[in-house]
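Colleague: My questions are about this predicted structure, shown below with the sequence.
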Amino acid sequence: MAKAPPKPTDSELEILQVLWQHGPATVRLVNEQLSQNREVGYTTTLKIMQLMLEKGLVQRDDEGRSHIYRAAVREQDTQGLLLDRFVEATFGGSALKLVMQALGHRRTSPDELAQIRRLLNDIEIQNANPSTPKADDNAPGA
């Protein structure tokens, strides 16, 4: 049985987001990107990335003078893992409660509503015909 990927901490998730956005990078580049939002030391970024390597969240290319790190987990998989845990812990596993809370507490644009309707239609079709691809496989940013 495959081992579930580890849940990244908030700091690890910030680093993964840099790697997902920029691709393979040195610690220096990751640190520069993180420093645009808040003060973070190079050695702190290095230590977190070393821990991420041990956890299997990143891979490191040791050839050459500078080590190049790349995400070892997919963005979509990590988002799904975090969302599943959040929905379970916060809403008792109820997607309905999550959606009602999300849509009930902010203004939703007509474009967002249209996208939600298309997603719901795709999910209904997929549930009626399990051999069709999942709706989120075609979602924007997937």
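Modeller: The structure has been received and is ready for your questions. Residues are numbered from 1 along each chain as shown.

Colleague: drop to CA atoms for contacts and neighbour counts, all remaining ones
Modeller: OK.

Colleague: what about P5, is that helix, strand or coil?
Modeller: coil (DSSP: H, G, I helix; E, B strand; the rest coil).

Colleague: ok, it - contacts?
Modeller: Contacts for P5 were tallied using Cα atoms under 8 Å, 6 or more residues apart in numbering; they are G56, L57, V73.

Colleague: gap between stretch 23-35 and the chain center?
Modeller: Chain-centre distance of stretch 23-35: 18 Å, with Cα atoms, centre = their mean, to the nearest Å.

Colleague: Please report the distance of E124 from V30.
Modeller: Separation of E124 from V30 (Cα to Cα, to the nearest Å): 41 Å.

Colleague: next one: R85
Modeller: Distance, R85 to V30, using Cα to Cα: 27 Å.

Colleague: Looking at those two, which has the bigger crowd around it?
Modeller: More neighbours surround V30 than the other of R85 and V30, with 23 against 15 (other Cα atoms under 10 Å).

Colleague: you'd agree the more buried one is up against L19?
Modeller: Yes: the pair V30 / L19 is scored as a contact, 7.5 Å apart, by Cα atoms under 8 Å.

Colleague: low-confidence ranges in the chain?
Modeller: For the chain, the stretches flagged by pLDDT under 70 are 1-3, 132-142.

Colleague: Now do the strands in it.
Modeller: 58-61, 68-71 (DSSP state E).

Colleague: could those be laid out in JSON lines, adding mean neighbour count and distance to P130?
Modeller: JSON lines is the format used below for the strands of the chain (neighbours: other Cα atoms under 10 Å; distance: least, Cα to Cα, whole Å):
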{"stretch": "strand 58-61", "mean neighbour count": "18", "distance to P130": "34"}
{"stretch": "strand 68-71", "mean neighbour count": "20", "distance to P130": "31"}
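
Colleague: Columns distance to A25 on top of the ones you listed, output as a markdown table?
Modeller: Shown next, in a markdown table, are these (distance: least, Cα to Cα, whole Å):
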| stretch | distance to A25 |
| --- | --- |
| strand 58-61 | 10 |
| strand 68-71 | 5 |
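
Colleague: what's the offset of stretch 68-83 from the middle of its chain?
Modeller: Distance of stretch 68-83 from the chain centroid (Cα atoms, centre = their mean) equals 5 Å.
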